[in-house]
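*Asks:* What follows is a predicted protein model with its sequence.
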Amino acid sequence: MNKTIIKVRGIALGDGIPKICVPLTARSLDEMEDQLVKICAAPCDLVELRADYFEGDPIEELAALRRRMPDMPVLFTFRTKEEGGERSISPEEYANLNLRAAADLIDLEVNRGEEFVQNLCARLQQGGAKVIVSFHDFERTPGEETLIHLLCRMQSLGADITKAALMPRTERDVLALLSAAVAMKEKYADRPYIVMSMGRLGMVSRLAGHLTGSAVTFASAGAVSAPGQMDAALVFRVLSSLSNHDENTR
């Protein structure tokens, strides 16, 4: 199925091999500088600023990151405690923080409430940001049809990109996620989407975007923000190898 390509600072999401996003999980500006040394040396296309880790004003951290890496696409994410993040936050604080964030991409959790997310998504897009509407479950993986429905529902809320990150309990859970992603690629997705199966069992999903159509994979440059993230350099080598193999067999 044809889908919209999202371009952010020259990076085309939803086109070509999956782009590598590395998380920044600093709790202070000093720690941010230490992490950025490793991030700058890593093969990555985007940086995810995990605002829920930062102990000061995350907007100050975002400004410092932009000064340090002015051309790097930045995904601003406040992952709530309810979805595996570091802190809880009120709906009003959540909305205000995201509206203050002058980032290229902003992550909104669909579980904050669909009407709330739809309205906030539209306001952020009016300000020039691209919005990822996301769903996380650190306990289980829904069935294939449920996952397809969820991704389609997030499209209908106005997301520029949809995202689902799920914890598998069995090998079949990983296969269900991969199968749902292929169905999105073939039938339902009209914009980029991101899917991943977390933990060691789901690692293969972070390398399979060339098959599933997943636009972004999350990898680490020292700091890990979710179970199953692999080193960015390793992910880059594998994705590049798979891409070269595909070109050589055409």
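*Replies:* Yes, it's here.
*Asks:* remind me, longest strand of this structure?
*Replies:* In the chain, taking DSSP state E as the definition, the longest strand is strand 130-137.
*Asks:* continuing past that strand, what's the next helix or strand?
*Replies:* Per DSSP states H and E, strand 130-137 leads on to helix 144-156 as the next helix or strand towards the C-terminus.
*Asks:* And Lys163, how far from Arg237?
*Replies:* In this view, Lys163 and Arg237 are 24 Å apart by C-beta to C-beta, to the nearest Å. Heads up, the C-betas are built off the backbone N, CA and C, glycines and all.
*Asks:* Counting neighbours, go ahead and name the busier of the two.
*Replies:* Higher neighbour count among Lys163 and Arg237: Lys163, with 25 against 12, using other C-beta atoms under 10 Å.
*Asks:* got the contact list for the more buried one?
*Replies:* By C-beta atoms under 8 Å, 6 or more residues apart in numbering, the residues touching Lys163 are Asp107, Ile132, Val133, Ser134, Phe135, Met154, Tyr193, Ile194, Val195.
*Asks:* 10 Å - rerun?
*Replies:* Lys163 makes contact with 107-110, 132-136, 151, 154, 192-196, 214-216, 218 under the criterion C-beta atoms under 10 Å, 6 or more residues apart in numbering.
*Asks:* hmm, who's touching the worst-scoring helix or strand of the chain on mean pLDDT?
*Replies:* Ranked by mean pLDDT, DSSP states H and E, the weakest helix or strand in the chain is helix 232-248, scoring a mean of 80. Identification of contacts with helix 232-248 by C-beta under 10 Å, 6+ apart yields 16-22, 38-39, 41-45, 203, 206-211, 217-222, 229-231.
*Asks:* quick one, phi/psi of Glu48?
*Replies:* phi -100, psi 110 (degrees, to the nearest 10).
*Asks:* Identify the residues contacting it.
*Replies:* Contacts here follow C-beta under 10 Å, 6+ apart; on that basis Glu48 touches 21-25, 73-77, 79, 103, 105, 107, 132, 216, 218, 225.
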